[in-house]
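[1] next comes the sequence, and after it the predicted model I'd like to discuss.
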Amino acid sequence: MKILHVINSMTMGGAEILLTNSLSPGGLSEHVENHLAYFKFPTYLLHRLDKKIKVHFLNYKGITDIVRLVNDLNKIIHTNKIDIVHSHLNPASFYSELACPSHIPHLHTMHNTYSTDLSPRTLLKFFERILFFNKKNAKLIFLSEFTKKDFLSTVKFKGDSFVLNNFIDDSFFLHPQKKITFSADKEIRIVAVGNFRTQKNYFYLLDIFRKLKNRKIHLDIYGDGNIKKLQETIINFKINVLLKNPVKNINFILKDYDLFIMSSKNEGFPLSVFEAMAAGLPLLLSDIDPLKSIVKENAIYFPLNDSETAANIIIDISENKINVSEMAAKAKQYANQTVRKDIYIYKLINIYKKLIE
């Protein structure tokens, strides 16, 4: 079986990391022949791919380059006798649909909760619905039952759908669970991971940490994107937050932190949450249904409309009024049962077989 995976870029986002992990040694290459087509830079993740993956860089230059891009995708499909096209993110979704012959299944993975997706690319979402979602032969993978239900209540969809939870790399489970306690003389180190996009809600996170700047509580944010306005806010208000570039070995870095925090307004099945969970970190997550539906009781949730309350939760944790150590240990066990690579690969191969049949 020959699969063409299509994605916008190979940056350090959740969808990109999921695809990379599935195409890393010991993944899908053990079962099918894989091709990867990506449109533009950056390419942080390419070094992690199995050497057997055939990579196609299409050097997409923008909307005026669509015809050439679609033609190149179509040539890749025909030349390599591709059996299934599997796309991730927008606009890879409808560009792939334009390039894919009608007799070849096109499968697309939805990575966000559709009704609350805050992506500013309204026109691209419109074309995605018209050119792909509205077709009877559309085939979608949802990351959870919640994201599937949300999508079907928002979009008139007549195609086939599957639910397949994300997975994380096995290396995140290697570190032993540590007992987490805090003292007045120790600085608490908190970490957030995610590209600097609107949905990540980082300005709200800065607002929370403005209320903590007189305490020994520090936040590092790892991500890619435009940080100018965020950096200005940090400097102007002297907030104890440091913005960092993406790193290749986040699995080894997480163990050096005490807590993981996410302030997102919208998510699908964020890998960074489960990576932190597997690494043994307590979770502080925004109180949104997509996160609560997949993380369940294995996190502490904070409101998105009251930064004072959110800050007080962190203070209570720092003063050991909330037992996060026991919660983190249970969360690690939950991750071990939920997001293992072998489970994901097995289920994805079965989906591919169904499409071929």
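    Good, I have the coordinates.

[2] neighbours of His56, just the number please.
    One way to gauge burial is a neighbour count; for His56, by other C-beta atoms under 10 Å, it gives 16. In this view, the C-beta of every residue, glycine as well, is placed from N, C-alpha and C.

[3] which element is Leu284 on?
    strand 283-286 (DSSP states H and E).

[4] contacts for the following helix or strand past that strand next, please.
    On the C-terminal side of strand 283-286, the closest following helix or strand by DSSP H and E is helix 289-295. With C-beta atoms under 8 Å, 6 or more residues apart in numbering as the test, helix 289-295 has contacts from 113, 116, 143-147, 150, 165, 262, 264, 266-270, 273, 277, 283, 285, 299, 301, 331.

[5] what separates helix 289-295 from the chain centre, distance-wise?
    Taking C-alpha atoms, centre = their mean, to the nearest Å, one finds helix 289-295 lying 14 Å from the centre of the chain it belongs to.

[6] keeping just the C-alphas, turn it into PDB.
    Coordinates of each C-alpha in helix 289-295 appear next as PDB, following Å, rounded to 0.1, in the frame of the first residue of the first chain:
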ATOM      1  CA  ASP A 289     -14.800  21.200  26.800                       C
ATOM      2  CA  PRO A 290     -12.300  19.800  24.200                       C
ATOM      3  CA  LEU A 291      -9.600  19.500  26.900                       C
ATOM      4  CA  LYS A 292     -11.900  18.200  29.600                       C
ATOM      5  CA  SER A 293     -13.300  15.500  27.300                       C
ATOM      6  CA  ILE A 294      -9.900  13.900  26.700                       C
ATOM      7  CA  VAL A 295      -7.900  14.700  29.800                       C
END
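
[7] buried ones in that helix?
    Neighbour counts using 16 or more other C-beta atoms under 10 Å place Pro290, Leu291, Ser293, Ile294, Val295 of helix 289-295 among the buried residues.

[8] the last one and Met262: what is the separation?
    Val295 sits 10 Å away from Met262, taking C-beta to C-beta, to the nearest Å as the criterion.

[9] just the second one next, same as before
    Using C-beta to C-beta, Leu291 is found at 7 Å from Met262.

[10] repeat for the fourth one
    Taken as C-beta to C-beta, the spacing of Ile294 relative to Met262 amounts to 12 Å.

[11] again with Asn71
    Relative to Met262, Asn71 is positioned 40 Å away (C-beta to C-beta).

[12] higher neighbour count, those two?
    Neighbour tally, Asn71 and Met262, criterion other C-beta under 10 Å: the higher count belongs to Met262, 24 against 12.

[13] ok so, going back, can you tell me which of the contacts of helix 289-295 are in strands?
    Secondary structure defined by DSSP state E assigns Met262, Leu283, Leu285, Tyr301 of those to strands.

[14] of these, which is the most crowded?
    Going by other C-beta under 10 Å, Met262 tops the ones in strands among the contacts of helix 289-295 with 24 neighbours.

[15] my read: that one touches Gly194, true?
    Yes: under the criterion of C-beta atoms under 8 Å, Met262 lies in contact with Gly194, with a separation of 7.1 Å.

[16] what sits in contact with each of these two?
    If you check Met262 and Gly194 against C-beta under 8 Å, 6+ apart, the residues they both contact are Lys200, Pro270, Ser272.

[17] ranges for the strands of the stretch 201-350 of the chain?
    Counting by DSSP state E, counting those that start in this stretch, the segments of the stretch 201-350 of the chain that form strands are 217-222, 241-244, 259-262, 283-286, 300-302.

[18] distance from the chain centre to the first one, please.
    The reference is to strand 217-222. Averaged C-alpha coordinates place strand 217-222 at 19 Å from its chain's average position (C-alpha atoms, centre = their mean).

[19] helices or strands up against it?
    The criterion is 3 or more C-beta pairs under 8 Å, 6 or more residues apart in numbering; DSSP states H and E, and the helices and strands that strand 217-222 contacts are strand 188-193, helix 202-210, strand 241-244.

[20] below-threshold pLDDT in this protein: ranges please.
    118, 120 (pLDDT under 70).

[21] outline the domain layout of it.
    In the assignment given by automatic domain parsing, the structural domains of the chain cover 2-167+340-356, 170-338.

[22] hmm, Glu97 is touching Leu131, no?
    Yes: with contact taken as C-beta under 8 Å, Glu97 and Leu131 are classed as touching, separated by 5.7 Å.
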